[in-house]
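Enquirer: pasting a predicted model and its sequence here:
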Amino acid sequence: MLDIKFVRSNPDAVKENIKKKFQDEKLPLVDEVIELDKKNRDIKQEVEALRAERNKISKQIGACMAQGKKEEAEELKRQVKANADRVEELSNEEKEVEAQIKKIMMTIPNIIDPSVPIGKDDSENVEIQKYGEPVVPEFEVPYHTEIMEKFNGIDLEAAGKVAGNGFYYLMGDIARLHSAVISYARDFMIDRGFTYCIPPFMIRSNVVTGVMSFAEMDSMMYKIEGEDLYLIGTSEHSMIGKFIDTMIDEDKLPQTLTSYSPCFRKEKGAHGIEERGVYRIHQFEKQEMIVVCKPEDSMKWYDIMWQNTVDLFSSLDIPVRTLECCSGDLADLKVKSCDVEAWSPRQQKYFEVGSCSNLGDAQARRLGIRVKGADSKYFAHTLNNTVVAPPRMLIAFLENNLQADGSVRIPEVLRPYMGGKEKLECK
């Protein structure tokens, strides 16, 4: 969420940013919120003047009473009453106007970084760099669920009966591999200096609206019926929420945390044929990283964070690339974002396995996350990034480590988490 003072002083820049995000339908909101802001300031000014006048009249009433001028005192009391009624009326109007301002301000997108490429949607995202050599084996690579089924590692049919489409049972070596990847990712991030955390898996509505846009909320979040609670779509939500309404001493920054959680998502919309199986699901587990830092440090941490994901996948012998998200693909709160995509030997193309985002002070402004510096107080910057999110990551892992005989090689770094196994073999 932008600062209303910034919008007031830079309406053309805000409108230009909206155009860059191809959201022209939001352009009228800028003038509307500026008009509401003026109205709000006028109300405050009138209330302040009325209160000053009331104080002045109150003193006059005391003087009249002391002089025995009861009629004059009664007239002044009537003025005070009228004054108080008007203040109450204005105060109610002020609340309504401020609610309107907040609603609009939470809809106007954040100012994107100048380095963000301009484009309408994800088809115009820009490749930054590739890491590792993509390999297409001479043998045919089956669909990921077929690989899992050969190890008796997945049961989608039973899950469909129990919970419906978008759920799964993982079993045996595949389930163990899933847990091994999460455990390895946890330790990988701890070794990189991040503090491990297991957060709440449900959050209140004020945290939800603090960490994401209304559009994201509608397309992602499951609400608990009868409770002011939502299931988290990613642990970033509760991890950033951890700092709600806090004043952090500047010398305590940065806060660098890595968190494990299950994640729950509606996943609205049409799903393509390549999104069957465990690619796009309603429930999955994830290792996440978040950073709360000073504004001048956020771009440095942005680069550190996506590099952590690249390094983790590289250590598992999975080729990846980074992709710069264009303006039209950025969620409204984001300043800059890049995807990490893993190589799929079966499809012979890359697919998304993680996303790193710098949100500037947008989340901090919504949630009241402030920093106390030596000479001033200011809003923190927040960032988040996927470390690893199986089971989607398992697709990349199984395809890239599948051998001609149907076995799956276990990279050396993962073997301690798999009981020393060097490969998985079909039974």
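Expert: Perfect, I can see it now. Numbering: from 1, shown residues only.
Enquirer: quick check: residue 208 touching residue 223?
Expert: No. At 9.0 Å, residue 208 does not count as touching residue 223 under the criterion of C-beta atoms under 8 Å. Backbone N, C-alpha and C define where each C-beta goes, glycine included.
Enquirer: show me where the stretch 1-150 of the chain has strands.
Expert: With DSSP state E, counting those that start in this stretch, the ranges of strands along the stretch 1-150 of the chain come out as 126-131.
Enquirer: for the stretch 1-150 of the chain, which spans come out with low pLDDT?
Expert: Low-confidence segments of the stretch 1-150 of the chain, defined by pLDDT under 70, are absent.
Enquirer: okay, and the common contacts of residue 208 and residue 223?
Expert: residue 230 (C-beta atoms under 8 Å, 6 or more residues apart in numbering).
Enquirer: of the two, which one has the most company?
Expert: In terms of neighbours (other C-beta atoms under 10 Å), residue 208 is the more surrounded of residue 208 and residue 223; the figures are 22 against 14.
Enquirer: which residue is the nearest non-sequential neighbour of the more buried one?
Expert: Closest residue in space to residue 208, ignoring its immediate chain neighbours: residue 230 at 5.2 Å, by C-beta to C-beta, 6 or more residues apart in numbering.
Enquirer: following element in sequence after the helix or strand harbouring residue 385, please.
Expert: When secondary structure is defined using DSSP states H and E, the element that contains residue 385 is strand 381-388. Stepping forward along the backbone from strand 381-388, the first helix or strand reached (DSSP H and E) is helix 392-401.
Enquirer: what's the average pLDDT for that following helix?
Expert: The predicted model assigns helix 392-401 a mean pLDDT of 94.
Enquirer: check which helices and strands that helix sits against.
Expert: If you count contacts as 3 or more C-beta pairs under 8 Å, 6 or more residues apart in numbering; DSSP states H and E, helix 392-401 packs onto helix 144-150, helix 172-191, strand 336-344, strand 349-358, strand 408-409.
Enquirer: kindly recompute the last result at 6 Å.
Expert: Contact analysis of helix 392-401 by 3 or more C-beta pairs under 6 Å, 6 or more residues apart in numbering; DSSP states H and E lists helix 144-150, strand 408-409 as its packing neighbours.
Enquirer: number of residues surrounding residue 276?
Expert: Number of residues near residue 276 (other C-beta under 10 Å) recorded here: 14.
Enquirer: before we move on, the earlier item: okay if I get the helices and strands packed on helix 392-401 as a markdown table plus mean neighbour count and distance to residue 25?
Expert: Compiled in a markdown table, the helices and strands packed on helix 392-401 are given as follows (neighbours: other C-beta atoms under 10 Å; distance: least, C-beta to C-beta, whole Å):
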| stretch | mean neighbour count | distance to residue 25 |
| --- | --- | --- |
| helix 144-150 | 20 | 39 |
| strand 408-409 | 19 | 49 |
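Enquirer: just send the ones you listed back as TSV, with distance to residue 390 too.
Expert: Below are the helices and strands packed on helix 392-401 laid out as TSV (distance: least, C-beta to C-beta, whole Å):
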stretch	distance to residue 390
helix 144-150	11
strand 408-409	14
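Enquirer: for the ones you listed, which one sits closest to residue 395?
Expert: Comparison of those against residue 395 by C-beta to C-beta identifies helix 144-150 as nearest, at 4.4 Å.
Enquirer: return the closest one as CSV; C-alpha atoms alone will do.
Expert: Extracted as CSV, the C-alpha positions of helix 144-150 are listed here (Å, rounded to 0.1, in the frame of the first residue of the first chain):
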residue,chain,number,x,y,z
HIS,A,144,5.8,-38.0,-12.9
THR,A,145,2.9,-39.9,-11.5
GLU,A,146,3.9,-42.9,-13.6
ILE,A,147,7.4,-42.8,-12.0
MET,A,148,5.9,-42.5,-8.6
GLU,A,149,3.5,-45.4,-9.2
LYS,A,150,6.3,-47.7,-10.2
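Enquirer: counting by contacts, list what it packs against.
Expert: By contact count (3+ C-beta pairs under 6 Å, 6+ apart), the secondary structure elements abutting helix 144-150 are helix 392-401.
Enquirer: which residue ranges form the helices in the chain?
Expert: With DSSP state H, the ranges of helices along the chain come out as 4-9, 11-20, 27-66, 70-105, 144-150, 156-162, 172-191, 205-211, 214-220, 235-241, 298-315, 362-367, 392-401.
Enquirer: report all helices and strands that the second one contacts.
Expert: Think helix 11-20. When contacts are defined as 3+ C-beta pairs under 6 Å, 6+ apart, helix 11-20 sits against helix 27-66.
Enquirer: now do the helix it packs on against helix 70-105, angle only.
Expert: Direction vectors for helix 27-66 and helix 70-105, defined by axes from the mean of the first three to the mean of the last three C-alpha atoms, to 10 degrees, enclose an angle of 160 degrees.
Enquirer: mind listing what's buried along helix 27-66?
Expert: Neighbour-count burial for helix 27-66, counted by 16 or more other C-beta atoms under 10 Å, picks out 29-30, 33-34, 36-37, 40, 43, 47, 50, 54, 57, 61, 64.
Enquirer: next: stretch 1-19.
Expert: For stretch 1-19, a neighbour-count test (16+ other C-beta under 10 Å) marks 1-2, 4, 7, 10, 14-15, 17-18 as buried.
Enquirer: and that stretch, end to end?
Expert: 17 Å (C-alpha to C-alpha, to the nearest Å).
Enquirer: quick one: residues in contact with that stretch.
Expert: When contacts are defined by C-beta atoms under 6 Å, 6 or more residues apart in numbering, stretch 1-19 is touched by residues 26-27, 30, 34, 37, 105-106, 111, 362, 365-366.
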